[in-house]
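*Asks:* here is a sequence together with a model predicted from it:
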Number of protein chains: 6
Amino acid sequence: MSQVPGMYGDIKLLAGTASPDLAQEISAYLTEATGAEIRPIDAVIRKFSNDNTYVRLDESVRGQDVYIIQTLSRPVNDHLMELMIALDAVRRDSAGRITAVIPYLAYARSDKKDVPRAPITARLVADMLEVAGADRYMTIDLHAGQIQGFFRIPGDVLTAFHILKKHVEETIPRDNLTVATADLGYAKGGRNWARYLDVPLAFIEKNRTEEGVSAKSIVGSVKGRDVLLVDDEVDSGGSLLEAVNLLERQGAREITIAFTHPVFSGPAIENMRKISERVREIIFTNTLPLKPEELLPAMTILPVGAFLGEVIRRAHQGLSVGEMFNE
Amino acid sequence: MSQVPGMYGDIKLLAGTASPDLAQEISAYLTEATGAEIRPIDAVIRKFSNDNTYVRLDESVRGQDVYIIQTLSRPVNDHLMELMIALDAVRRDSAGRITAVIPYLAYARSDKKDVPRAPITARLVADMLEVAGADRYMTIDLHAGQIQGFFRIPGDVLTAFHILKKHVEETIPRDNLTVATADLGYAKGGRNWARYLDVPLAFIEKNRTEEGVSAKSIVGSVKGRDVLLVDDEVDSGGSLLEAVNLLERQGAREITIAFTHPVFSGPAIENMRKISERVREIIFTNTLPLKPEELLPAMTILPVGAFLGEVIRRAHQGLSVGEMFNE
Amino acid sequence: MSQVPGMYGDIKLLAGTASPDLAQEISAYLTEATGAEIRPIDAVIRKFSNDNTYVRLDESVRGQDVYIIQTLSRPVNDHLMELMIALDAVRRDSAGRITAVIPYLAYARSDKKDVPRAPITARLVADMLEVAGADRYMTIDLHAGQIQGFFRIPGDVLTAFHILKKHVEETIPRDNLTVATADLGYAKGGRNWARYLDVPLAFIEKNRTEEGVSAKSIVGSVKGRDVLLVDDEVDSGGSLLEAVNLLERQGAREITIAFTHPVFSGPAIENMRKISERVREIIFTNTLPLKPEELLPAMTILPVGAFLGEVIRRAHQGLSVGEMFNE
Amino acid sequence: MSQVPGMYGDIKLLAGTASPDLAQEISAYLTEATGAEIRPIDAVIRKFSNDNTYVRLDESVRGQDVYIIQTLSRPVNDHLMELMIALDAVRRDSAGRITAVIPYLAYARSDKKDVPRAPITARLVADMLEVAGADRYMTIDLHAGQIQGFFRIPGDVLTAFHILKKHVEETIPRDNLTVATADLGYAKGGRNWARYLDVPLAFIEKNRTEEGVSAKSIVGSVKGRDVLLVDDEVDSGGSLLEAVNLLERQGAREITIAFTHPVFSGPAIENMRKISERVREIIFTNTLPLKPEELLPAMTILPVGAFLGEVIRRAHQGLSVGEMFNE
Amino acid sequence: MSQVPGMYGDIKLLAGTASPDLAQEISAYLTEATGAEIRPIDAVIRKFSNDNTYVRLDESVRGQDVYIIQTLSRPVNDHLMELMIALDAVRRDSAGRITAVIPYLAYARSDKKDVPRAPITARLVADMLEVAGADRYMTIDLHAGQIQGFFRIPGDVLTAFHILKKHVEETIPRDNLTVATADLGYAKGGRNWARYLDVPLAFIEKNRTEEGVSAKSIVGSVKGRDVLLVDDEVDSGGSLLEAVNLLERQGAREITIAFTHPVFSGPAIENMRKISERVREIIFTNTLPLKPEELLPAMTILPVGAFLGEVIRRAHQGLSVGEMFNE
Amino acid sequence: MSQVPGMYGDIKLLAGTASPDLAQEISAYLTEATGAEIRPIDAVIRKFSNDNTYVRLDESVRGQDVYIIQTLSRPVNDHLMELMIALDAVRRDSAGRITAVIPYLAYARSDKKDVPRAPITARLVADMLEVAGADRYMTIDLHAGQIQGFFRIPGDVLTAFHILKKHVEETIPRDNLTVATADLGYAKGGRNWARYLDVPLAFIEKNRTEEGVSAKSIVGSVKGRDVLLVDDEVDSGGSLLEAVNLLERQGAREITIAFTHPVFSGPAIENMRKISERVREIIFTNTLPLKPEELLPAMTILPVGAFLGEVIRRAHQGLSVGEMFNE
């Protein structure tokens, strides 16, 4: 009767409204991998006219191993509350175990009090998910690794690095390549890319030179080099555009951009259009959905659905996730 | 040094963005009543371009008695998350005591599983406020009294009944008056109005008559009577319009409408306009802000700010709130 | 080795002292339905001479799926503490999952602060059960649906409506039937009966007529009609007797009474005797045990044991309970 | 306005129904000691006809320092639930701090699993009091000191030893005195008495002698000695009577009995009557109330009200309690 | 695929650094008893140069039934923190269930406030283990049974009494035997030994005789008797040596010593050496590891590994542990 | 009677054994600043011979505002457990508010799972402090700002930057100065130094150059420049020595080193000695105590006691701490 031999009932997927395509990818992978049809369960998810979000399951998840797929794309608070309410509905239906699958975790930049009297919203969100009933969580490329510690519940904090680098390795020759980061916040991430590809590293950072001029400059050399510009997420795209400009002025050859989360807020469309005209390729994942008008020819969107699906399968069966990466 | 002799530091108001006017009313009352200037503290409350809500206090509330004023008007989830984040910021600034003042509590209708696999979002919201750091809460006319029991923290669950009935008593003669409710859900509320005013009561309810016809009908007589149609909130205004139509058809004379919360969602503007042309007066409070285009000549909006201000003053000084109503 | 293929070990019943007969019914049903002998486990439950309640299990429940059957009949506090102590004993014996099966939940009327400085005891009881170790709860016809929200743990809040209406449908012709409720508190319950049976509805309520007389009166017509008088529970029976008197005076024909919980406190025996002489039938369930002297010829007691047994079986096996009712 | 300069509002006493006389003693002491009238607040505490306990405060305790006086005498579960419900009512009225004053804590003997599958009810009771809202507790002579560790909240675990020994010192010459305990469970308590009074110690214990006879015997010598027989509580009085018999047979002279809690359950009245005829004096406190028929001429009941009152005064003012005893 | 048919995944042992030999014994037993190879999983447990303890699992325990074996030997705080950190690592790896196996629980003597302003560290340790993620615990011969009540999680509080008495019965004739305890704190433990063996009992206690001399003396007779001196643990060995001296002076014949936990702190080696020269045998268990220089010819160390292994097997399979002892 | 007008009783300092000198500094500051004698309270803090840590207060802290001063220097686990036990003792003595003052928070580097199956010990420590009873915490220069989010309780996370930079500004001319960091982990910290001083910035990082050599190199130029080498803590001093070597080889002129926490573990003494011979000055604070043999002529130790004292004063009086820094 059980589709997958597992310890927590059957796998049940509940697809939030934030990224239905990704939920379909996960569903397709699991159906393929397990031989059982694992499609998102029927549910009503909508807003009443009074703007209150409502979730109702049309299939029982009693005693089952439930995965709620909800990325925190815009509108962020609506998607977060929808996830919260879905957790409540699933918990009150006596699910066996509940995992919140949140490919992109919003509020991750509000992770410390960098000025007095500020909130630490990322911790608040972690507490909210726990109080709503999440037993576990799953997410990709947290803005800061420490956010794992905001959760008391166990989680699978994954990285799309393996997916991005596979594509990079297959398409970019490494012999003339230099990795660059657009700001210091991703310095360690850049170093990991450079070490893995075994190529030099350069930073872009606003700095005061000995001559007293303070401007963005490149620490390290890119002249005549192909450059792989890396980051965890792209928000407005402003500093990315600035970085591309600077790299060009400093004599970089072909520029490729790689990052995980296409947040693309504010003037991002315009910025990305300008960038796309000057770079070889813009590589990122579908942890956040894109609107058709945001798609550009230079973009390569790598799907994470099968990856999440495999992690769900392993979590369900009590198998190591780390060994997917020989860890 | 303390503006008001109290047990929990000084009163500090933090005004959320949902109802700045109401916060000003409360501030004005408290300044008048205590002789100290009690204005909302300076704070930055906004959304980043990535749609993440942000709150930062520009004045310290360390060791103080903080009241965060935030009604849950539309957009509901944004206002709720803003309140949550404000609670986090205030708590992490080591406030002495924190009260969430929520004149209208959204999600109150999601208060039980009336179908299987539904959430109880009102309980979830109560848990969220507690996990964010609220020590107490204050609200007006909950949709169901039992929602008090969703909170573990103490609260002041107030009623605008005293404010509404004072206006009704001063403006409507009782000798030809009948109280009516637009549906069974407010049957007990209607009875309380009728008992207090010492006038007859009628219900409007969809019913099957002995003849087998099933339609909305009036249980009780309104022919030739002035009618006070009462409710706790008006949402789309649809059933209210239906009730006014029915009352007119049944020969009611002058109709007055009284309720606490002007939720006014969906087609409410249109419905309220039609209603306003046929009734003597539409009386409600400012627990939710109205847009200019929603204002109509027949409307009388009774302010609750001074009332909330007085409850805050008493809560701050450890004085009975019940004795405001001889309870 | 496992009697029932389930996810939480074997079903283990622990029968409290409040309703041993009901526990036997459940046991008989489960034994029949599963083919395994599922009898209440051996346990010592008693009071020491110093009035301290004591529970000791004589069989291990380690890793098993335990259901503690304890209705909250009189003496209420003794039965509640017995349940609490049983939960502690079962939890400390490392049970796999613990469900408190409480056919009648006492204290359900203390569900809001209707006057200042009152407790919300129903929420307190919910918190107590959670702190004692209940993972889930099961109950029938809560006095207010919102009490579900007092529990953070999931629960099966069932209704005996299906059992009562089956009997009503089989024994009472609907063509001359009107449903009536004895007070406004059950107005919505009465409407549900009327809608389901597709018959008219009447309320009994103390009201002030236009002529200024304030007395119990019937809102709606019962003259010449058979009446089904419905409620969730009967306590002292006083207002029920009053309702029967009024119905008779208003020309009702044959009266039948249906409710779930026979609380029968104070002068209930006397009142029920008077009522039984004037009505066709008094229908209720055995969620609370009756003493022999409380039994009357007009009474029909419908057993809920098989129903609870089936819900337990489904909860144990991770099957939908809602689908028992096509929900 | 504040009766007593304190940090937690004013002292407010709430008297449960278990020991009204003791509450009056405490009230009288506090009124005398502080110069302010500190009487138990007005409250309704009763049972409804459906056996549900109800508590309603008729005075506000908002922001005050509340002490609920409730010993856990018989009926134990009723008195415990009354205390729980009172805690809920006081908490929901926004008290500043709540202390449960429980002179005799029932269920203290259920403090470990001495057989498999038993509960640890004393820990359960501690958890219950915390979940109901107690911030602190106060009690006298716990059956085992470790029960303090069952509470996470701070408490004043007092001893009546100082009160009992003062009386003993004033009335019994020590030169011919031996302290004895009726069973091994109070061996250390007996040793403390003996050390304090600087007199010899004897135990009574069922033992197997070298000759193979197994019976209660006295370990240590009492021949010709005056004996002070000590314990923490007397329950049925059976083993106390046995001890008196044995002491007499072994040639003890004058026997005096001292203990803290007169539990007096089961056949206690009869046993105490027999004992009283053979001993000089039976000394105990009023932590539990006695019925008139339980009073005997040999009994000396030492009041603990003033002692509790002084501890409340110190707790209220943030003064050391330990220094009352030079600790 | 599962080594043992169980409800919580497979058994996984994690051996802390406090008693690797004991972990090997448990591993060997389980491998033998289940036919599957159950060895401690690979893990890195060490201190960084900055003295921070570190634990990393080299095998996944996702969804498995994990037993962390860590006795609280010296250095106590290091071993405790290592256990805490291991619990965190195991929990964050999504273990199915986690049991802390702590053969000797340190801090058990800090179990009550015997003077004012002292901590109750044993309760603190219980809370720490729960917050770190233990679902259950397992320990042997707690210093006071009440410490079970410091834990909210269920536990198996075992006794080595069965192991010790088996050895005693096989090696010591009972006809001339008397059981003695070295101090009053183990009086009840001594009585249990005496009752089980059906031999007389004597206590050693500092007492004031009628003649006014205050010194350690034997209560009961040991002259010409073989003596079994029992205790739960031996710390410095000081009072044990004193007891042996006293027994010899009072004419005891052959002395045997039996206890569970060889704490052996401070001058214990020296004291044990002196004792070993005058007694027949010193019997204890390996709940704490001994250093080679602490081993003496008179010592018999009874292993508890197989016993713990069997309890683990039963806990894993949901079988009664009590029935191992016909309880 | 109160030494300082405050909201939480009087300030009470409890000095742990980890840094008595720092506690004295704080005491001296507070005595000076408030005019009342605020010395650490008398307490017994020691280890029993069985290696169990013990804390007993010899003065009451009932209702007072307690600050426990305990840095987490080596032996780390002993100092942490001592702090935990002190928290328990202070809580159980009914303190009004408890703040754990931890100048250096150990385990801060274990702040994320950088490999699978690792713990997040810093979060565990935060949870431990909360469960032991801390209401607030205070610390200096956390290794990662996100660790603030590991705490749910509010805290004052301070920085010694203001103290260090004041000394740097007074002693080092800025016109030829470049700030350098010894590794990428402190890249942002270095940038803050460079921005504040308005001087250039350089990083030292292991990198692969275009020529394929992978070694530590300086990103940015230091030739002929005075260099301020900054970090948050110095552990073994190994990479610091390497950095000094590299700076010298690259032609740096005068090198000054500044950091907050002198962890100085492993071979630190030897490394620091070598460093001290080649640099102008080594500046750090006394958040961790140094042994006499660790002191070197080049070292300047800046005291943080007065700073902590002022923060305590403000926290006690409900004054802003941020405004000490114009924030």
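*Replies:* Here it is on my side, so go on.

*Asks:* and residue A:166, how many neighbours?
*Replies:* Residue A:166 has 11 neighbouring residues, counting by other C-beta atoms under 10 Å in any protein chain shown. Glycine gets a C-beta too; all of them are placed from N, C-alpha and C.

*Asks:* likewise for residue A:165?
*Replies:* So residue A:165, with other C-beta under 10 Å, has 19 neighbours.

*Asks:* so it, which state does it fall into?
*Replies:* helix (DSSP: H, G, I helix; E, B strand; the rest coil).

*Asks:* was I right about it contacting residue A:197?
*Replies:* Yes. In this structure residue A:165 lies within contact range of residue A:197 using C-beta atoms under 8 Å: 7.4 Å.

*Asks:* which one is residue A:79 nearest to, not counting chain neighbours?
*Replies:* residue A:18 (4.5 Å; C-beta to C-beta, 6 or more residues apart in numbering or on different chains).

*Asks:* any idea how far residue A:156 is from the one you found?
*Replies:* 19 Å (C-beta to C-beta, to the nearest Å).

*Asks:* quick one, which of the two is more surrounded?
*Replies:* In this view residue A:18 and residue A:156 are compared by other C-beta under 10 Å, and residue A:18 has more residues nearby, 25 against 21.

*Asks:* the stretch 51-200 of chain A: helices as residue ranges?
*Replies:* Under the criterion DSSP state H, counting those that start in this stretch, the stretch 51-200 of chain A carries helices at the ranges A:76-92, A:121-132, A:161-171, A:187-197.

*Asks:* just checking, what packs against the third one?
*Replies:* For helix A:161-171, the helices and strands in contact under the criterion 3 or more C-beta pairs under 8 Å, 6 or more residues apart in numbering or on different chains; DSSP states H and E are helix A:187-197, strand A:255-258, strand A:281-285, strand A:299-302.

*Asks:* could you rerun that using 6 Å?
*Replies:* With contacts taken as 3 or more C-beta pairs under 6 Å, 6 or more residues apart in numbering or on different chains; DSSP states H and E, helix A:161-171 sits against no other helix or strand.

*Asks:* do the same with the longest one
*Replies:* For helix A:76-92, the contact count by 3+ C-beta pairs under 6 Å, 6+ apart identifies strand A:53-57, helix A:121-132, helix B:76-92 as packing neighbours.

*Asks:* wait, a strand at residue A:46?
*Replies:* Yes. Residue state for residue A:46 (three-state DSSP) corresponds to a strand.

*Asks:* residue A:96: neighbour count?
*Replies:* Around residue A:96 there are 21 residues (other C-beta under 10 Å).

*Asks:* repeat for the one 10 residues further on
*Replies:* Residue crowding around residue A:106 was assessed by other C-beta under 10 Å; the count is 26.

*Asks:* so which residues of the stretch 201-327 of chain A form strands?
*Replies:* With DSSP state E, counting those that start in this stretch as the criterion, the stretch 201-327 of chain A has strands at A:201-208, A:214-219, A:226-230, A:233-234, A:255-258, A:261-262, A:281-285, A:299-302.

*Asks:* can you tell me how far residue A:220 is from chain B?
*Replies:* According to C-beta to the nearest C-beta, to the nearest Å, residue A:220 stands 29 Å off from chain B.

*Asks:* list the contacts of that residue.
*Replies:* By C-beta atoms under 6 Å, 6 or more residues apart in numbering or on different chains, the residues touching residue A:220 are A:202, F:219.

*Asks:* also residue A:178?
*Replies:* Going by C-beta under 6 Å, 6+ apart, the list of residues near residue A:178 reads A:199, A:200, A:202, A:222, A:225, A:227.

*Asks:* find the closest residue to chain C in the stretch 1-150 of chain A.
*Replies:* The stretch 1-150 of chain A approaches chain C most closely through residue A:63 (2.7 Å), counting by C-beta to the nearest C-beta.

*Asks:* burial count for the nearest residue to that residue once chain neighbours are set aside?
*Replies:* Leaving aside its sequence neighbours, residue A:63 sits nearest to residue C:318 (C-beta to C-beta, 6+ apart; 2.7 Å). Using other C-beta under 10 Å, residue C:318 is surrounded by 22 other residues.

*Asks:* skipping its backbone neighbours, what lies nearest residue A:268 in space?
*Replies:* residue A:237 (4.5 Å).

*Asks:* where's that neighbour relative to chain D, distance?
*Replies:* 51 Å.

*Asks:* report pLDDT for that residue.
*Replies:* What the model reports as pLDDT for residue A:237 is 95.

*Asks:* up against chain B, what does chain A have?
*Replies:* By C-beta under 6 Å from any C-beta of the partner chain, the part of chain A that sits against chain B consists of A:49-52, A:55-57, A:74, A:76-78, A:81, A:85, A:88-89, A:93, A:106-107, A:117-119, A:121, A:124, A:127-128, A:131, A:235-236, A:263, A:265-266.

*Asks:* buried ones from these, can you make that a ChimeraX selection?
*Replies:* Per 16 or more other C-beta atoms under 10 Å in any protein chain shown, the buried members of the residues of chain A next to chain B correspond to this ChimeraX selection:
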select /A:50,51,52,55,56,57,74,76,77,78,81,85,88,89,93,106,107,117,118,119,121,124,127,128,131,235,236,263,265,266
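
*Asks:* right, so of the strands of the stretch 201-327 of chain A, which gets closest to chain C?
*Replies:* Nearest of the strands of the stretch 201-327 of chain A (C-beta to the nearest C-beta): strand A:261-262, 33.4 Å.

*Asks:* contacts for the closest one next, please.
*Replies:* Contacts of strand A:261-262 (C-beta under 6 Å, 6+ apart): A:104, A:233, A:284, A:287, A:288.

*Asks:* looking at those residues, which is nearest residue A:112?
*Replies:* residue A:233 (17.5 Å; C-beta to C-beta).

*Asks:* chain neighbours aside, what residue packs nearest to the closest one?
*Replies:* residue A:261 (3.8 Å).

*Asks:* burial count for that neighbour?
*Replies:* 26.

*Asks:* how close does it get to residue A:104?
*Replies:* For residue A:261, the distance to residue A:104 - C-beta to C-beta - is 5 Å.

*Asks:* shared neighbours, those two?
*Replies:* In contact with both residue A:261 and residue A:104: A:287, A:288, using C-beta under 6 Å, 6+ apart.

*Asks:* what about residue A:72, how many residues nearby?
*Replies:* When neighbours are counted by other C-beta under 10 Å, residue A:72 comes out with 28.

*Asks:* please disregard the earlier target; I meant residue A:234.
*Replies:* 24.

*Asks:* now do the contacts for it.
*Replies:* Residue A:234 touches A:240, A:259, counting by C-beta under 6 Å, 6+ apart.

*Asks:* try residue A:199
*Replies:* A:174, A:177, A:178, A:179.

*Asks:* give me the buried subset of the residues you listed.
*Replies:* A:177, A:178, A:179.

*Asks:* and the pLDDT at the residue nearest to residue A:63?
*Replies:* At residue C:318, pLDDT is 93.

*Asks:* how far away is residue A:131 from residue C:250?
*Replies:* Distance from residue A:131 to residue C:250, by C-beta to C-beta: 52 Å.

*Asks:* hmm, I was thinking of residue A:102
*Replies:* 61 Å.

*Asks:* touching, residue A:90 and residue A:99? I think so.
*Replies:* No. Contact criterion C-beta atoms under 6 Å: residue A:90 and residue A:99 do not qualify, at 10.1 Å.

*Asks:* for those two, indicate the residue with more neighbours.
*Replies:* residue A:90 (30 against 27).

*Asks:* contacting residues around the residue in chain A that chain D sits nearest to?
*Replies:* As assessed by C-beta to the nearest C-beta, chain D sits closest to residue A:131 within chain A, at 16.7 Å. Contacts of residue A:131 were listed using C-beta under 6 Å, 6+ apart, and they are B:127, B:131.

*Asks:* next, count neighbours for residue A:164.
*Replies:* Neighbours of residue A:164 (other C-beta under 10 Å): 22.

*Asks:* hey, what's the closest residue to it other than its chain neighbours bridged with?
*Replies:* Spatial nearest neighbour of residue A:164, chain neighbours left out: residue A:258 (5.0 Å); criterion: C-beta to C-beta, 6+ apart. Here residue A:258 sits in beta bridges with residue A:230, residue A:283, going by DSSP bridges.

*Asks:* understood, closing this out.
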